[in-house]
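Chemist: kindly return the folded structure for what I paste below:
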Amino acid sequence: MSAAAQAPTFDQWLAGARHAAQQPPAQPRQPLVVAGQVVGSVAPGFLSRISLQRLMDKRYQLSEAEHSQGLAWHLQAPPTDTTDALNTLAAALRDAGLCGPWRDEQLAVTNPAGEVIGTVERGAVRVLGMVTRAVHLVGLAPDGRMWVQKRSLTKPNNPGLWDTLMGGMVSAADSLPQALARETWEEAGLRVEALADVAHGGQVLFSRPSREGGGAGFMVERIDWFRAQVPQGMEPDNQDGEVERFDLLPLEVVRERVAQGAFTLEAGLVIAGFLGV
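Modeler: Here you go, the predicted structure:
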């Protein structure tokens, strides 16, 4: 059988990708309750592996106790100190080697109603099973070709894979439009107001195990993606060192590369949404 005959089709890739994006935890998880509100989840026994000294020094308490959803981990702190308590817990995880890559970036921590109750270091969100938000931009040339980026080989996640024109997290300091503008400039050197036909395209939802924390993490993320046209004569130019290069590709080539697994899972599903499949 020829290599061409063995190559997966885009539809075959898409079916597998959608399955991969929605996976149950590898093992049952316990709710993480902070200031009386569920904000995430942890693998059983995971938080027993950290030193509590940092928390005790600030008079924060971390313990297992019953909750409406069963046995849960409770981080007790005054509501005014929620952010400090969460970041103290994140630092304890880092000290124990149980954290994801440390970014010095704060992400919003929300309760089940979506209300922000504090912020935490980005490197801790996966191991604590917290909901995160991301934003992507599908950028098109006037002739319909798509701008894509190759991620830097030094990126902590998915180095060297291909991505949409821009993809990044929504930080605690940003609204969704602010994150779109900031990330578009940092990754592509483009001002959103200089682009044409900017529009919200849709959402991609993820719920799947994460390798962070030695495989104890769980990813729960909502990606909002936008589309825009990059005017003739304007080209992306990376500003933050996180992009290897940009290419301008016909849509059929993008489909082929996605099907071959050359793109991140997130970018591939965003592109599928843009293509309407």
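
Chemist: can I see the domain layout of this structure?
Modeler: Structural domains of the chain, as assigned by automatic domain parsing, span the residue ranges 8-23+132-275, 30-128.

Chemist: okay, those in TSV with mean pLDDT and mean neighbour count next?
Modeler: (Each C-beta comes from the backbone N, C-alpha and C, glycine too.) Conversion of those to TSV gives the following (pLDDT from 0 to 100; neighbours: other C-beta atoms under 10 Å):
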stretch	mean pLDDT	mean neighbour count
domain 8-23+132-275	97	18
domain 30-128	94	17
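
Chemist: mind listing what the closest residue to Gln76 other than its chain neighbours touches?
Modeler: Distances taken as C-beta to C-beta, 6 or more residues apart in numbering put Gln61 closest to Gln76, at 4.3 Å, once the chain neighbours are dropped. With contacts defined as C-beta atoms under 8 Å, 6 or more residues apart in numbering, the neighbours of Gln61 are 55, 74-77.

Chemist: before we move on, what about Gly40?
Modeler: For Gly40, the contacting residues are 31-32, 109, 125, 128-131, taking C-beta under 8 Å, 6+ apart as the criterion.

Chemist: mind listing the strands for the stretch 101-250 of the chain?
Modeler: Here the stretch 101-250 of the chain has its strands, by DSSP state E, counting those that start in this stretch, at 106-110, 116-121, 131-140, 146-151, 162-164, 166-169, 196-210, 217-229, 243-249.

Chemist: so which of these comes closest to Ala90?
Modeler: Of all those, strand 116-121 sits nearest to Ala90, with 4.2 Å by C-beta to C-beta.

Chemist: that closest one: partners in the sheet, and parallel or antiparallel?
Modeler: Based on DSSP bridges, the strands next to strand 116-121 in the sheet, each with its direction, are strand 106-110 (antiparallel).
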